[in-house]
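Student: Sequence below, structure please.
(chains A and B)
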Amino acid sequence: MADLAQSDSATLEQQPDSKEPIVVVDNVSIIFDVKPVLQNVSFTVQRGETRIILGPAGGGKSVLLKLINGLLKPDTGSIRVFGEDVSTMRETELFKLRSRIGMVFQESALFDSISVGDNVSYRLHEDHLPEEETHARVVEALRFVELENTIEKFPSELSGGMRRRVSIARAIITNPDLILYDSPTGGLDPITSTTIIDLVIKQRDVTHTTSLVITHRIQDAYLLARSRFNTETGKVEQIPNNGIDDSTKFLVLNEGKVVFDGTTEELVHSTDPWLKEYLS
Amino acid sequence: MPFVSPEIFAKERLAAIQDYSILSWRAVVNLFTRPRYLADIYTQMDYIGVGSMPIVVLTGFFTGCVLALQSATSLEAFGSVSLTGNLVALSMVKELGPVLTGLMVSGRNASGMASEIGSMKVTEQIDAMRALGTDPVRKLVTPRLYATVFMLFFLTIMSDACGIAGGALISVALLGLNGSSYFHNSYRALQYGDVVQGLTKPLFSGFIIATVGCYFGMNTKGGTQGVGKATTQAVVVSSVFIIIVDLLVTRAMIGVFGR
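Tutor: Residues are numbered from 1 along each chain as shown, chains lettered A, B, ... in the order given. Okay, here's the model as predicted:
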């Protein structure tokens, strides 16, 4: 994925102000029917940051990610992504913005009537890239998730974990500046979950892409915070001396409200009774 | 089914009409701007047009047969069995061909569209498409709309022809009429206004089938049960709409052509 890393650094150079946050969620609320799903949620995600969104099921985590990608509109508040207000943008304008965002859906959301290769290359086909270049990039993206032998297969022929990995390949193929992972380990067994988290770590440490990762598995969150990808061995390993990845931060949601927003260290030492019980 | 207040019910119906109108408008105008998914239009034309051919041919043929048999019984009382060709041709071209073809294609394709798009909706594939920068209306609805309108026009012609042929078979084989005289009477019975009326109806039916099928698909909620519900609703609503619009078009055409 050296090419991915190079293109990412090129993108960084093009940015006029690299200190400007990539995502700014400001006082966002949304109600479905009569039930408030998110209430006055505010936080920012800096460039290169990996923000883990933790919380019990039904807490509004997936809705938050859909709001950031402009797939839903908030009732109140604003969401700025790359400096643009997605909460007021028209759908046609959002299509352009989304070319800079990769999204991994909760249930993979692969197009089941086309092959894995066509799923991964979907956006490249939309951009009418030459067939040779498209194929090379599809192979590269599938190799990143160690599934290059599945290019001709259909999603229904793959296991849940493999589908999730194909979904990651589809999200990263255009070298996006922001990746949204919606419960990438949801419904998977612990071993497969670790494989998926390893891929998220690899993507984080190779390309330093800003990302938001939803999970309700605390062990996955700690794995993300305490591991790094070793480019020499090509493997994910624990950061020595109980070290913590500086670029990884946490946001904890409960019943649509922000319970915690801060670093791994702050989370571990939080005195909030609900948080302590949740983390235990 | 839960009871709701008349106010909420009226608001929901109005919102549905608004959503349907917006979807239909976007589906129509999308063809005039880029990107256009021509390959998808051809794929849908093959699926909707060629795929519906067997049911349309069979329905048209046997309807023509039954029409000849039934009308001969009534015409015999007036000593006008020789006019069977006139009756079959006029009934098939003006009414039965367009309506039956519309209903058959609705049963096959409005349900297919609702279930296919509905399944994509409940499995987040529509959201994934939007997240990948593709307009789902442009990619999924517009090709189905233009393919259905275009192919239903030709399917109706096929149905009319098969119906008249079916009537001919019965007239010659069972009623003892002269084949040449049957076709001559059929041809003479049809006037320009009749053909225009018969070929205007499938344009409306095609529009109804595609937009209603896609509308229910795009608004599917509630998993596999929701997909089943959307499919049923799509067939019921499109079938009823086809018959209502048939009445309106018939009245308008009688006003224009006087028959």
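Student: Quick check: closest non-adjacent residue to residue 160.
Tutor: I went with chain A, as the question did not name one. residue A:188 (5.9 Å; C-beta to C-beta, 6 or more residues apart in numbering or on different chains). Where C-beta positions appear, they are placed from N, C-alpha and C, glycine not excepted.
Student: oops, chain B please
Tutor: residue B:97 (3.9 Å).
Student: For the host helix or strand of that neighbour, the averaged confidence score.
Tutor: Following DSSP states H and E, one finds residue B:97 within helix B:97-105. Average pLDDT, helix B:97-105: 97.
Student: Let me see the mean pLDDT of the helix or strand just after it.
Tutor: Using DSSP H and E, the helix or strand that follows helix B:97-105 in sequence is helix B:111-122. The pLDDT scores in helix B:111-122 average 97.
Student: and helix B:111-122, what does it pack onto?
Tutor: Packing contacts for helix B:111-122, counted by 3 or more C-beta pairs under 8 Å, 6 or more residues apart in numbering or on different chains; DSSP states H and E, involve helix B:125-131, helix B:192-218, helix B:223-257.
Student: got the residue ranges for the helices in chain A?
Tutor: A:2-14, A:61-68, A:91-98, A:116-120, A:122-126, A:131-144, A:160-172, A:190-207, A:218-226, A:264-268, A:273-279 (DSSP state H).
Student: so what does the third one touch, helix or strand wise?
Tutor: The helices and strands touching helix A:91-98, judged by 3+ C-beta pairs under 8 Å, 6+ apart, are helix B:125-131.
Student: can you tell me if the helix it packs on touches chain A.
Tutor: Yes - for helix B:125-131, a contact with chain A is found by C-beta under 8 Å from any C-beta of the partner chain, at B:125, B:127-131.
Student: now that helix: how far from the chain's centre is it?
Tutor: Distance, stretch centre to chain centre, for helix B:125-131: 29 Å (C-alpha atoms, centre = their mean, to the nearest Å).
Student: name the helices or strands packed onto it?
Tutor: When contacts are defined as 3+ C-beta pairs under 8 Å, 6+ apart, helix B:125-131 sits against helix A:91-98, strand A:101-104, helix B:111-122, helix B:136.
Student: Nearest to residue B:238, out of the ones you listed?
Tutor: With C-beta to C-beta, the closest approach to residue B:238 among the helices and strands packed on helix B:125-131 belongs to helix B:111-122: 8.9 Å.
Student: how much does the closest one deviate in direction from helix B:192-218?
Tutor: Here the directions of helix B:111-122 and helix B:192-218 differ by 20 degrees (axes from the mean of the first three to the mean of the last three C-alpha atoms, to 10 degrees).
Student: got the CA coordinates for helix B:111-122 in CSV?
Tutor: Provided in CSV are the C-alpha atoms of helix B:111-122 (Å, rounded to 0.1, in the frame of the first residue of the first chain):
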residue,chain,number,x,y,z
SER,B,111,-43.3,-6.6,-8.1
GLY,B,112,-39.8,-7.4,-9.3
MET,B,113,-38.8,-3.8,-9.1
ALA,B,114,-40.3,-3.3,-5.6
SER,B,115,-38.6,-6.5,-4.2
GLU,B,116,-35.2,-5.9,-5.8
ILE,B,117,-35.0,-2.3,-4.8
GLY,B,118,-36.7,-3.0,-1.4
SER,B,119,-34.1,-5.7,-0.7
MET,B,120,-31.3,-3.3,-1.5
LYS,B,121,-32.9,-0.7,0.8
VAL,B,122,-33.2,-3.0,3.8
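Student: any idea how far residue A:102 is from the nearest residue to residue A:83 once chain neighbours are set aside?
Tutor: Distance criterion C-beta to C-beta, 6+ apart; nearest residue to residue A:83, sequence neighbours excluded, is residue A:20 at 6.2 Å. The gap separating residue A:20 from residue A:102 is 20 Å, by C-beta to C-beta, to the nearest Å.
Student: Of the two, which one has the most company?
Tutor: Set residue A:20 next to residue A:102 and count neighbours by other C-beta atoms under 10 Å in any protein chain shown: residue A:102 wins out with 28 against 14.
Student: just checking, the more buried one touches residue A:184?
Tutor: No - using C-beta atoms under 8 Å as the test, residue A:102 is too far from residue A:184 to be in contact (11.8 Å).
Student: Tell me, how many residues neighbour residue A:225?
Tutor: 24.
Student: In the stretch 51-200 of chain A, which residue sits nearest chain B?
Tutor: For the stretch 51-200 of chain A and chain B, the shortest gap (C-beta to the nearest C-beta) falls at residue A:109, measuring 3.8 Å.
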